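A structural model of the following input is requested.
(3 chains)
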Amino acid sequence: MKGILQTLIETEMGPVSVLIEEGRAVRIKLGGLFEGVPKMEVEPFKSQIEGYFRGKIKGVDFPVKITGTEFLLRVWEEVRKIPYGRVLTYGQVARNLKTAPRAVGLAMARNPLPIYIPCHRVVSKNGLGGFGAGVEWKRFLLELEGVVL
DNA sequence: TCATAATACCGGA
DNA sequence: TCCGGTATTATGA
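Residues are numbered from 1 along each chain as shown, chains lettered A, B, ... in the order given. Below you'll find the model as predicted:
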């Protein structure tokens, strides 16, 4: 599958779209579509995201292309290790990486691939913390994974 | 509780 | 370069 296109998934919370370039996911958007990009059904992106939202699978793993600074890549890699249904605080992730909580928050805000990089599993020490697509998405995802908080 | 500093990093001027 | 802005946290009154 060549070129640039997107696949659309309907969920209880609203639309989720995956932007795909040269057969690899480059961005995932919660709650909207990418402007001016042709839509089609693209596997395996579509079925995996659907499976995740239905609680059938505990994670997604498809070809991706992730770009970012050295630091961002390190943080995203660390976050990807957090298992389904578990959460860490910004501070805990920061300690693992010998950096500061605030820098971790910054890296989360720049996550191009939510769900694939489960940034919703990184929460504030006292509360939910923020979320790019809106905290209601974060709450929904954690609830889906059975996290009480 | 509320304010404030420390902190690591990023992007724009 | 410098500077302001973060999806934070620890501390002191």
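
helix/strand/coil for A:T7?
Secondary structure state of A:T7, per DSSP: H, G, I helix; E, B strand; the rest coil, is strand.

what about it, distance to DNA strand C?
Per C-beta to the nearest atom of the strand, to the nearest Å, A:T7 is found 21 Å from DNA strand C. From N, CA and C alone the C-beta is placed, and that goes for glycine too.

please name the bridge partners of that residue.
Going by DSSP bridges, A:T7 is paired in beta bridges with A:V18.

contact partners for it?
Neighbouring residues of A:T7 by C-beta atoms under 8 Å, 6 or more residues apart in numbering: A:S17, A:V18, A:I20, A:K39, A:M40, A:E41, A:V42, A:F45, A:K46.

of the residues you listed, select the buried ones using a PyMOL command.
Remark: buried members of the contacts of A:T7, expressed as a PyMOL selection using 16 or more other C-beta atoms under 10 Å:
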select buried, chain A and resi 17+18+20+42+45+46
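
ok, the contacts of A:T7 vs A:G132, which is closest?
Closest approach between the contacts of A:T7 and A:G132, by C-beta to C-beta: A:S17, at 14.4 Å.

where does whichever residue of chain A sits closest to DNA strand C sit: helix, strand or coil?
When distances are taken as C-beta to the nearest atom of the strand, chain A reaches nearest to DNA strand C at A:G130, 1.9 Å away. The assignment at A:G130 comes out as coil when based on three-state DSSP.

mind checking pLDDT for it?
What the model reports for A:G130 is a pLDDT of 95.
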